[in-house]
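Trainee: Have a look; sequence and predicted model below, questions after that.
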Amino acid sequence: MRVSINGRPVVTSPDDGTTVEALVDSLREREDIPRDQVVVGLDVDRRALRGADWERLGSAQLDESSEVAIATDDMRGYARRILTDARGMLSVLKEAARCLADEFRSGAPERANADLFNLLNALQCFLACLYHVGNTCGLERQPLDSPLPLFDQVAGSLDAIESSQQRGDWASLSRQLEADLVPALDGFEPVLQHMVDSI
C-alpha cells in the first residue's frame, strides 16, 4: 500500500494498524504528521473521503486499499479554508432566508416550518465556524469588527422569528426574515474579510 502526506511518500509498517483512522493516528504519534498540522483531505484509492465519511474511518480497512493520500495544512491555512467555506455558506443562508420568506407568504406554513428548521441548523453551523476560527486564531482579542455584536443581532432576529412562529403570524415572520435576518447576515461580509486578513 502506498501512503503519502502532501505528495511525499511515507514508509508504513504493520504497527500502523489495520484501519485508516489507526494509520492517521500512528502517523501523528510518530510525527510524520506534525502536531501543528491539521488533516484537511484524505483520499483512499483516489476517492476523496468527505466529512460524513470520516465517521466511518474506523471500519475502512487498509488491506482493502492500495493507496492513501493525506493532505495537511497548518492551523492558519485550515482557518482560511473554513472561512472560505463560511463565505459560500453565507450566500446560501441569505438566499434561503429570502426563499423562506416567500414560502411563508404563499400560505404553506407546514413546509416552510420544516425549511425554517433546516435554515436554523445551517445558521448554527455557520456561527460555530466563525466562533471556532476566532478562538483558534486568537481573533477574539481584536475588538474592532468582532462578530460578537452581529451574533447578538442575529439572536434578536431569531427570537422575533420564534415569537411569530409560535403565534402563527406568517406575515410577520416573512418580514422578519427579509428585514431583520438577511441584513444581519449581510453584516458578516466585512467581518469574514477582516478575519481572513487577520490570519
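Mentor: That came in fine, so what should we check first? Residues are numbered from 1 along each chain as shown.

Trainee: ok, the most centrally placed residue in the chain - contacts?
Mentor: The chain has Cys129 as the residue nearest its centroid, 5.3 Å off, counting by CA atoms, centre = their mean. Contact analysis of Cys129 by CB atoms under 8 Å, 6 or more residues apart in numbering lists 82-83, 85-86, 89. Every residue, glycine included, has its C-beta placed from N, CA and C.

Trainee: Checking my notes, Gln193 in a helix, right?
Mentor: Yes. Looking at Gln193 with DSSP: H, G, I helix; E, B strand; the rest coil, it is inside a helix.

Trainee: Give the burial count for it, as a bare number.
Mentor: When neighbours are counted by other CB atoms under 10 Å, Gln193 registers 13.

Trainee: what's the spacing between it and Arg87?
Mentor: Going from Gln193 to Arg87 by CB to CB, to the nearest Å gives 9 Å.

Trainee: Tell me which helix or strand the residue nearest to the centre of the chain sits in.
Mentor: Element membership for Cys129, per DSSP states H and E: helix 109-136.

Trainee: What's the mean pLDDT across the helix or strand just after that helix?
Mentor: Later in the chain than helix 109-136, the nearest helix or strand by DSSP H and E is helix 148-167. The average pLDDT for helix 148-167 rounds to 88.
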